[in-house]
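# please work out how this folds:
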Amino acid sequence: MSAATDPTPLGGHTDIVTGGWIGRLPRKLVPYALLGRFDRPIGIWLLFLPGLWSILLAQASPGYSAWLIVLFFIGSVLMRGAGCVVNDMWDRDMDRRVTRTAGRPLASRALSMFQALVFLAALCTPSLLILLQLHPTAQILGVSSLLLVLLYPLAKRVTWWPQMMLGFTFGWGAPMGYAAASGRLDWAPVALYLGTITWILAYDTIYAHQDREDDALIGVRSTARLWNEQTRPFVAVCYGITVAMLALAGWLAGLSWVYFVALILPAGLLARQVIRVDIHDSPLCLALFRSNREVGLAVALAILLGRL
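Down below sits the predicted model:
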């Protein structure tokens, strides 16, 4: 299909912003920065935080924990970018039909599929080098995560629960970080992973309400469409499970009572989202989605305090 005959994009806003530091890049690099979503670091934070939680939960030595945290952050930058490339390669035709995504580099043809593949390889190569620094158990988990990254874009085509699939994918840092720090897996990271999945399921449902109407017109499925006006109780249940699993993970890991007291802060921040969410207010949905960085940092602080 030529650009002249593409369907008219739907919706009324775009997620492509070329100002700020993006605008100061050499012109040829701008499409790559946009393809990797490096202009929007919230995705990096949300991918990184479960790994941060699990590294802290494993209670390795401070020096080794700090080293792993650095590796996991760099890896999150690279793999989040790689995931965005894979997602846009799958979705380029659908993206052309929604105003929010029509300006993405593959949808707008600012980059070709071959250029995207080269960029994907450039992101995955240093990610592999980072993976090789980790314990073999974490290496196995890291390689396994590639299947989730590849399958996630398909979920919206075959199920109403792509946000659940994102939870499995973005939450993979929970078992992986624990394995990297301790060299093993036990029930504490399992509980942490379950809580991470429901956390991601809820916040991405809120995020998906930005595109709910457009998704309905082009046949994309989501939990935002599935739950629609019942989103508030659905999100409340998901966040309730998240807090319960975080508490269970802390108990299984032997954290002190301070952790459970400190857990009140992230629980309160999640409750605030439930109270404030309005599925008909797209800017608010985006703001609530982004506020999960603070939730994640509050959980990390609680774990750190529980180790003292």
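# excluding chain neighbours, what is closest to residue 196?
The shortest distance from residue 196 to any residue other than its chain neighbours is 3.6 Å, reached at residue 171 (Cβ to Cβ, 6 or more residues apart in numbering). Glycine gets a C-beta too; all of them are placed from N, C-alpha and C.
# state the number of residues packed around the residue lying closest to residue 33 once chain neighbours are set aside.
Distance criterion Cβ to Cβ, 6+ apart; nearest residue to residue 33, sequence neighbours excluded, is residue 22 at 5.5 Å. Using other Cβ atoms under 10 Å, residue 22 is surrounded by 16 other residues.
# hang on, the residue nearest to residue 196 packs against residue 200?
Yes - if you go by Cβ atoms under 8 Å, residue 171 and residue 200 touch, sitting 5.7 Å apart.
# who has more neighbours out of these two?
When residue 171 and residue 200 are compared for neighbours, residue 171 comes out ahead with 28 against 25, by other Cβ under 10 Å.
# so what touches stretch 161-170?
Applying Cβ atoms under 8 Å, 6 or more residues apart in numbering, the external contacts of stretch 161-170 come out as 46-47, 50, 83, 145, 148-149, 151-152, 155-156, 159, 196-201, 204-205, 208, 221-224, 226.
# what mean pLDDT does it get?
Average pLDDT, stretch 161-170: 95.
# still on that earlier bit, among the contacts of stretch 161-170, name the buried ones.
Burial by neighbour count, judged by 16 or more other Cβ atoms under 10 Å, picks out 46-47, 50, 83, 145, 148-149, 152, 155-156, 196-201, 204-205, 208, 221-224, 226 from the contacts of stretch 161-170.
# among the residues you listed, which are located in helices?
By the criterion of DSSP state H, membership of the buried ones among the contacts of stretch 161-170 in helices covers 46-47, 50, 83, 145, 148-149, 152, 155-156, 196-201, 204-205, 208, 223-224, 226.
# make sure residue 142 is indeed in a strand.
No - applying DSSP: H, G, I helix; E, B strand; the rest coil, one finds residue 142 to be helix, outside a strand.
# what's the closest non-adjacent residue to residue 194?
Distances taken as Cβ to Cβ, 6+ apart place residue 245 nearest to residue 194, at 4.8 Å, with adjacent residues excluded.
# and the one you found, how many neighbours does it have?
20.
# go on, residue 117?
The burial count for residue 117: 12, using other Cβ under 10 Å.
# can you check residue 144 too?
Neighbour count of residue 144, defined by other Cβ under 10 Å: 12.
# before we move on, what about the one 10 residues further on?
Residues lying near residue 154 (other Cβ under 10 Å) number 12.
# same question, the one 10 residues further on
A count of nearby residues for residue 164, using other Cβ under 10 Å, gives 19.
# again with the one 10 residues further on
Applying other Cβ under 10 Å, we find 28 other residues in the vicinity of residue 174.
# so it belongs to a helix, correct?
Yes - counting by three-state DSSP, residue 174 is part of a helix.
# list the contacts of it.
For residue 174, the contacting residues are 50-51, 53-54, 189, 192-193, 196, by Cβ under 8 Å, 6+ apart.
# check which helices and strands the lowest-mean-pLDDT helix or strand in the chain sits against.
Using mean pLDDT, DSSP states H and E, helix 99-102 stands out as the lowest-scoring helix or strand of the chain, at a mean of 78. Packing contacts for helix 99-102, counted by 3 or more Cβ pairs under 8 Å, 6 or more residues apart in numbering; DSSP states H and E, involve helix 62-95.
# how about the helix it packs on: buried residues?
By neighbour count on 16+ other Cβ under 10 Å, the buried set for helix 62-95 is 65, 67-69, 71-73, 75-88, 90-92, 94-95.
# show me the shaky parts of the stretch 1-150 of the chain.
Within the stretch 1-150 of the chain, the stretches with pLDDT under 70 are 1-19.
# helix or strand for the nearest residue to residue 74 once chain neighbours are set aside, just tell me which one.
Spatial nearest neighbour of residue 74, excluding adjacent residues (Cβ to Cβ, 6+ apart): residue 130 at 6.3 Å. Under the criterion of DSSP states H and E, residue 130 resides in helix 113-131.
# and that helix, how far from the chain's centre?
The chain centroid and the centroid of helix 113-131 are separated by 19 Å under Cα atoms, centre = their mean, to the nearest Å.
# stretch 45-61 now?
With Cα atoms, centre = their mean, you get 14 Å for stretch 45-61.
# stretch 271-290 now?
Counting by Cα atoms, centre = their mean, stretch 271-290 comes out at 17 Å from the chain centroid.
# give me the contacts around it.
13, 42, 203-204, 206-207, 209-210, 212, 224, 228-229, 231-232, 235-236, 239, 291-292.
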